[in-house]
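Q: Everything below, folded, please.
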Amino acid sequence: MYRIISDGGCDFTTEEAKNSRVNVVPFYVIFEGEEHLKEGVDISKADYFKRLVSEKTFPKTAQPSPQDYIDVFKPYLEAGEDVIVLTISSKLSGSYNSAVLAAGILNEEFPGRTISIIDSLSSSVGQGLILREMVRMRDAGLELKKTVEITEKILKTTRVYFTLETVEYLKKGGRIGSTTAFVGGLLGLRPILQLEDGQVSQLDNVRGKKNALKLIGDAIVDALKDETSNINISIGHVLSEDDAKAFKASTEESLGTKISNPITAVGAAIGAHAGPGALAFAYCRRYDKCLTA
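A: The predicted model follows:
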């Protein structure tokens, strides 16, 4: 038997993590003049984003430390269980490196146990989809080695697209320059972005939310209309649940299929830079469709 662990980049709720028997190692959020707060432990997502909107200072985020991972890994290793860890893209955070360092330390203490660290090359709704497929594999009885092998295939099929209400938070986080932010705001442009090979890249700029969501929706139908039985889909948001529900309903109608995954509230790791009003869409290939691929 093995234990599945993820960092907080997966954006699982406490309830989903508990029901899935997944341990989540949280990210830290830091407001000016305060101690590090563990997201989901010391501060909720909702409270974090309320403060993000209301306070003038831009909070920072920090990855889990190697010791944070050690504290989670060790009890399972001591109990004779192996561990699989899924992290946010190593190109977006140092969480993967923290997990690798922790594994290196514990491998010396537990030479008979396996600690497998997987870089999702994704985040938020995309990482969450990969994690759900890992849970399905474990529950279906797949051995650790096979689960790792198939997970590596799944992450290569994972796509994440998102659109932002404003580029202001990208500016505050140092992801774009002030001139770009000014021009985007002046023209009322809404960027459409993707996670590609673990990094964020821009696909387009569209005027207005309605046009942005239509463009994403049309692209989804073109890409997935013949693949609905092979894929898993997830939709996420930052303080825009009503928009997410409407987008989910229109996507289900367009594709002629139900999206079974719950709408995800995006956490601090990505949401701090995306900002309120962001919407995300992700899909990946189901594990059982990768077994012979």
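Q: what residues does stretch 59-79 touch?
A: Residues outside stretch 59-79 that contact it (Cβ atoms under 8 Å, 6 or more residues apart in numbering) are 3, 5, 7-8, 23, 25-32, 36, 48, 51-52, 82-83, 85, 93-95, 98-99, 101-103, 105-106, 109-110, 113, 115, 268-269, 272. For every residue, glycine as well, the C-beta is placed using N, CA and C.
Q: same thing but 7 Å
A: 3, 5, 7, 23, 25-31, 36, 52, 83, 93-95, 98-99, 101-102, 105-106, 110, 113, 115, 268-269, 272 (Cβ atoms under 7 Å, 6 or more residues apart in numbering).
Q: which residues of the stretch 1-150 of the chain fall in helices?
A: 14-20, 45-54, 66-78, 95-109, 124-139, 144-157 (DSSP state H, counting those that start in this stretch).
Q: Just want the phi and psi numbers for Gly202.
A: Wrong residue type there; residue 202 is Gln, not Gly. phi -100, psi 130 (degrees, to the nearest 10).
Q: and the residue nearest in space to the middle of the chain, how far is that from Ser65?
A: The residue lying closest to the centre of the chain (Cα atoms, centre = their mean) is Ser124, at 1.5 Å. Distance from Ser124 to Ser65, counting by Cβ to Cβ, to the nearest Å: 21 Å.
Q: what do you get for Lys153?
A: Distance from Lys153 to Ser65, by Cβ to Cβ: 30 Å.
Q: Asp7 now?
A: Asp7 is 11 Å from Ser65, by Cβ to Cβ.
Q: Next: Lys18.
A: Taking Cβ to Cβ, one finds Lys18 at 23 Å from Ser65.
Q: Between the two, tell me which one has more neighbours.
A: When Lys18 and Ser65 are compared for neighbours, Ser65 comes out ahead with 17 against 12, by other Cβ atoms under 10 Å.
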